[in-house]
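K.L.:
Output the structure for:
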Amino acid sequence: MPANVVPFPTASAHLATTPGTDLYTCPAGTRARIDKLTFLNTTGTGRTVTVHIARAGAVNADNNQIWSAVPVPIETTAPRGVECYEAEGQVLNPTDVLRAFADAATAITPMGSVTEFS
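P.N.:
Below you'll find the model as predicted:
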C-alpha cells in the first residue's frame, strides 16, 4: 500500500467565514489520514475557528463538526498557532472534505498535512 504525504493548503490561504474554506478533498480511489492541522491567528484580535469533516462533500452540519468556535489567540500569545487534535488521526474516504471557517475573513491561516493511501 503506497503512501504519500500531502501538505495543505497547496497555496497560502486564509479561512473564509461560513460556509468556510475547503482545506483538503480526498481524491477518488484514495483514503487519507489527517496527520496535522494547525491554525494561526495573524491579526491583533482573538478569533474562533470551526472545523467540519464533510463526508462525501456534505454541507456543514452538527453531525460532521469536530470543532465549534474554538478560540485561536493572537499570534504573540500563540506563536505556533493552535493545533486541532480532534482532527488528527481521522481517516477521510474518497470525496470527503476537510473544511474550516473563522469568525472573521482573512484572520486565520490554516496549515496541515495528510497521508494518502490506496
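K.L.:
Return the set of buried residues in the least confident helix or strand in the chain by mean pLDDT.
P.N.:
Across the helices and strands of the chain, mean pLDDT, DSSP states H and E gives its lowest value to strand 3-8, namely a mean of 93. Buried residues in strand 3-8, counted by 16 or more other C-beta atoms under 10 Å: 6, 8. Bear in mind the C-beta positions are built from the backbone N, C-alpha and C, glycine included.
K.L.:
which helices and strands sit right next to that strand?
P.N.:
Other elements packing on strand 3-8 under the criterion 3 or more C-beta pairs under 8 Å, 6 or more residues apart in numbering; DSSP states H and E are strand 21-25, strand 108-117.
K.L.:
In stretch 7-15, which residues have enough neighbours to count as buried?
P.N.:
8-9, 13-15.
K.L.:
For it, list the C-alpha coordinates in CSV.
P.N.:
Extracted as CSV, the C-alpha positions of stretch 7-15 are listed here (Å, rounded to 0.1, in the frame of the first residue of the first chain):
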residue,chain,number,x,y,z
PRO,A,7,0.7,19.3,2.8
PHE,A,8,-2.4,21.6,2.6
PRO,A,9,-3.4,24.1,1.6
THR,A,10,-1.3,23.9,-1.5
ALA,A,11,-1.0,27.7,-1.6
SER,A,12,-1.1,30.4,1.0
ALA,A,13,-4.7,30.7,2.3
HIS,A,14,-6.8,32.3,4.9
LEU,A,15,-10.1,30.9,6.2
